[in-house]
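Trainee: all I have is the shape, not the residue letters:
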């Protein structure tokens, strides 16, 4: 089993996967003074060596099994396509490693519960890699909410749209890779609304399909017992503003696009007064979630208070309900 690292030692990461998000993670972790990527696992030796050469990763493993057998790592970052998150996470957990699993945590809530139960049974840390939660502007937003600056929150809105040329082999269009706008892009606005309002009481969703059958554009209204609404939209057919706002009885927060990346926001009081909140930031921002994992593992925690297991499951359940309503089901789900 992976041992808890000493506070003074660099936190050692192993990465499963060598795609774009894995590369971004490696580059950003390099900005942390007390962390490093020491190992990478790919489906091929060539892929592992290419990634290692590009990012200065010393130990290159020609399979995921070899990666998790590496004992000199403190946590594993799962950066594979959605459809293999569950299997890769379980592989790492079974080998005794804490895990940070790329978003969405799994394809559905059933898989998420399986991974989280496995981690709990081993006493290991597990978290979804929703890096937005740990960015300075979002940390500040949670502080404003906790202080009651906005009064009672009545509505939240968030959108995430990108343009992808139609391509049947691209992972976003591929049903066999759990493609579609919702799981890849829509997870951001759904998670943002969850952070502010929690689990919805009712969901109403609409969607249009891409030529491969996955969702191309999806919108949903999340309704709450107190009458509050969360509105989420996502599309892979157009670049949207990617903005978010939170409206309360006393004030609202308007988050600049791109809301899920390092950004800024404006606090607008009910009387029209505006207060600008800027957060200078260098790099991608993925390192902030890595720092949280290291903090939690060093403290002996099995989940982060910022994104606890119960909320990961709740978010996946909301995504499941949206998919149920829009008729998006993947072949292996039965």
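Mentor: Thanks, I have the structure now. All values reported here derive from a predicted model rather than from experimental measurement. Numbering: from 1, shown residues only.
Trainee: now the strands for the protein?
Mentor: 11-16, 35-41, 59-61, 75-78, 99-102, 126-129, 153-161, 202-209, 215-223, 229-235, 244-248, 251-255, 265-269, 274-277 (DSSP state E).
Trainee: residues contacting the fourth one, please?
Mentor: The set of residues external to strand 75-78 that reach it, using C-beta atoms under 8 Å, 6 or more residues apart in numbering, is 2, 11-17, 22, 25, 67-68, 85, 88-89, 92, 97-102, 125, 129, 290, 293-294, 297. (Glycine included, C-beta is placed from N, CA and C.)
Trainee: correct me, but residue 211 touches residue 166?
Mentor: Yes. Assessed by C-beta atoms under 8 Å, residue 211 is found in contact with residue 166 at 6.1 Å.
Trainee: who's more crowded, those two?
Mentor: Taking other C-beta atoms under 10 Å, residue 211 and residue 166 do not tie; residue 166 has more neighbours (13 against 10).
Trainee: any idea how far the more buried one lies from residue 237?
Mentor: 9 Å (C-beta to C-beta, to the nearest Å).
Trainee: residues shared between the contacts of these two?
Mentor: Shared contacts of residue 166 and residue 237, counting by C-beta under 8 Å, 6+ apart, come down to residue 210.
Trainee: max-length helix in the chain?
Mentor: helix 309-326 (DSSP state H).
Trainee: packing partners of that one?
Mentor: helix 109-122, strand 126-129, helix 187-197, strand 202-209, strand 215-223 (3 or more C-beta pairs under 8 Å, 6 or more residues apart in numbering; DSSP states H and E).
Trainee: now do the second one: which elements does it pack against?
Mentor: Translated: strand 126-129. strand 99-102, helix 109-122, helix 287-298, helix 309-326.
Trainee: now the angle between strand 11-16 and the third one, please.
Mentor: Angle between the axes of helix 287-298 and strand 11-16 is 110 degrees (criterion: axes from the mean of the first three to the mean of the last three C-alpha atoms, to 10 degrees).
Trainee: quick one: residues in contact with helix 287-298.
Mentor: 4-5, 7, 11, 13, 25, 28-29, 31-32, 34-35, 74-75, 77, 98, 100, 125, 127, 129-131, 133-135, 302-304, 306.
Trainee: picking that back up, nearest to residue 233, of the helices and strands packed on strand 126-129?
Mentor: helix 309-326 (11.6 Å; C-beta to C-beta).
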